[in-house]
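Participant: based on what follows, work out the 3D shape:
(chains A and B)
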Amino acid sequence: MNDFIPGLVKGMATTARQLTRPTHTAEYPDVAPELPARSRGVIALVESNCTSCMLCARECPDWCIHIDSHKEEVPPASEGGRARQRNVLDRFAIDYSLCMYCGICVEVCPFDALFWSPQFEYAETDIRDLLHEKERLGQWVADVPAPPELDPSAAEAPEVTAANKPARGGRAARAPRSRRDEGEDA
Amino acid sequence: MSLLEISLRSLAALAAVLVLPLVAGQAEHKVMAHMQGRLGPMYAGGFHGWAQLVADGVKFAQKEDITPAAADRSVFRLAPAVALVPYLLAIALLPVHPGLAAADVPGSVLLVLAVTGVGVLGTLMAGWASANKYALVGGMRSAAQLLAYELPLVLSVASIAMAAGTLSLAGVVEAWSPWWLLWQLPGALVFLVAATAELQRVPFDAPIADSEVVMGPWTEYTGLRFALFMLAEYAGMVVMGLLFGVLWLGGWQGPFADQLGWLWILLKGSLVVLLIIWIRVSWPRLREDQLQRLAWTVLVPLALAQLALTAVGVVVTA
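Facilitator: Okay, the predicted model is just below:
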């Protein structure tokens, strides 16, 4: 008796306190969820950046990226120049019924053609409609958020560190280069 | 009393038993949700899901009415009515305004107790007639609970009737004075606990404990008959809340009782209903033996002590 009466009172106090506080419910279809930066919703393709290098398709663990391309000859820009070849993307498709959202393709793309978009509302009633061709993949680009600011205490990127290195006078500025030359020679 | 007046009063009681339980049910939806950090129904009817239970009613009406092949057909089909109609009668007996009750009878305290006792018979009939082991276990639990809690319920009401010196609900309200709140406090607590047990609500919901016996006696019910059982549960809550308001909280008494009497009784009744809901959200379920022990070793002695205290009070002040 002496044990459970305080417990019962405590239980009622807990529920009464919760009654006065705001609820935790996310009213999803009415109110869009606040997704964190780098949310893995859907992969967007910036078609003009793609060189059909096939790195993403080869790294994809479940082979859900389809790429078709052909080579085109670009006439020389100036008279007497050499004609160059360029890859033209014919087809770029991601099959989201296979994709496991690992993000390796986004990581591996050397030309910044693939990005994560937090957009996630692309469920379909037919599994075949989950195969997004490059036009559909291009539409997701509009939803790609700007990359989040670096953490204030994070280390700077190596390029920034190098550029910000204080100049140490004419000789000192040249010194590292000569040292690297020596290294390459050695 | 003319035929027109009789039908008007009956219709008023019917409307009360159809509307008030829905209000109580909606209050339970919302209060329980917010006590658990949720929102509860938000869509039906537009504004904060006010029509959720109306929508539920429509849904139940559309569902198939199934009677199991092995069931005792006539008893099975009659049980929901036996559960609901007594509360309709009980609501008609409650005085809602000075000099106004749908059915004003001299021995209304006695009648309201007898009638609410019949209500649980519907649960027993359902439990037996379903020919289902869960329903049977639930029905047995409910029978044991009935037996244990009817006694303290009657004893605590007897105490208040003795204090008022009348068996009429309206008479009790007229005789009521605020210091009864203290004098009759043990009886009030006993009634509150026993009424919760009679309604088979948390923490006394072992007969319909869904984690143990599916839905107890209601397991085999579908469609409108199931809805009638649910309606009976909430009608019972409303009746017990109003009855508590009438007997222990002074019914229509309050400022401007001549004009606002009906509002006072509704307010007092809804406070009790809210308390029952609050308890449901906060407390765990009692085991079958625990609730038996509570009834026989705590409630019955407490009710008897209250009866003795009332007797002393009545003799001394007489």
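Participant: can you list the residues of chain B near chain A?
Facilitator: B:31, B:33-39, B:42, B:278-279, B:281-283 (CB under 8 Å from any CB of the partner chain). C-beta coordinates here come from the backbone N, C-alpha and C atoms, glycine included.
Participant: kindly recompute the last result at 6 Å.
Facilitator: Within chain B, the positions near chain A by CB under 6 Å from any CB of the partner chain are B:34-35, B:37-39, B:281-283.
Participant: quick one: low-confidence residue ranges for chain A.
Facilitator: A:1-2, A:169-186 (pLDDT under 70).
Participant: kindly recompute the last result at 50.
Facilitator: A:173, A:175, A:178-186 (pLDDT under 50).
Participant: all helices of it, in order?
Facilitator: Ranges of helices within chain A are A:4-20, A:55-59, A:104-108, A:134-139, A:158-163, A:169-185, based on DSSP state H.
Participant: please pick the buried ones from the residues of chain B next to chain A.
Facilitator: Buried residues within the residues of chain B next to chain A, counting neighbours by 16 or more other CB atoms under 10 Å in any protein chain shown: B:34-35, B:281-283.
Participant: redo the residues you listed as TSV? Include secondary structure and pLDDT.
Facilitator: Below are these laid out as TSV (DSSP: H, G, I helix; E, B strand; the rest coil; pLDDT from 0 to 100):
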residue	secondary structure	pLDDT
B:34	helix	93
B:35	helix	93
B:281	helix	92
B:282	helix	91
B:283	coil	90
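Participant: from the residues you listed, which is closest to residue A:8?
Facilitator: Distances from residue A:8 to these, taken as CB to CB, are shortest for residue B:283 (6.1 Å).
Participant: ok, that closest one to residue B:290 distance?
Facilitator: 12 Å (CB to CB, to the nearest Å).
Participant: what's the answer for residue B:57, then?
Facilitator: 35 Å.
Participant: could the residues of chain B next to chain A be laid out in a markdown table, adding distance to residue B:64?
Facilitator: A markdown table is the format used below for the residues of chain B next to chain A (distance: CB to CB, whole Å):
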| residue | distance to residue B:64 |
| --- | --- |
| B:34 | 35 |
| B:35 | 35 |
| B:37 | 36 |
| B:38 | 31 |
| B:39 | 32 |
| B:281 | 33 |
| B:282 | 37 |
| B:283 | 36 |
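Participant: show me which pair in the residues you listed is furthest apart.
Facilitator: B:39 and B:283 (22.9 Å).
Participant: next, count neighbours for the closest residue to residue B:70 other than its chain neighbours.
Facilitator: Spatial nearest neighbour of residue B:70, excluding adjacent residues (CB to CB, 6 or more residues apart in numbering or on different chains): residue B:131 at 4.0 Å. For residue B:131, the neighbour count with other CB atoms under 10 Å in any protein chain shown is 14.
Participant: please identify the helix or strand for residue B:131.
Facilitator: Counting by DSSP states H and E, there is no helix or strand that carries residue B:131.
Participant: longest strand of chain A?
Facilitator: strand A:84-95 (DSSP state E).
Participant: so which bits of that strand are buried?
Facilitator: A:89, A:92-95.
Participant: what's the answer for stretch A:114-133, then?
Facilitator: Result for stretch A:114-133 [16+ other CB under 10 Å]: buried residues A:114-119, A:130-132.
Participant: good, wrapping up.
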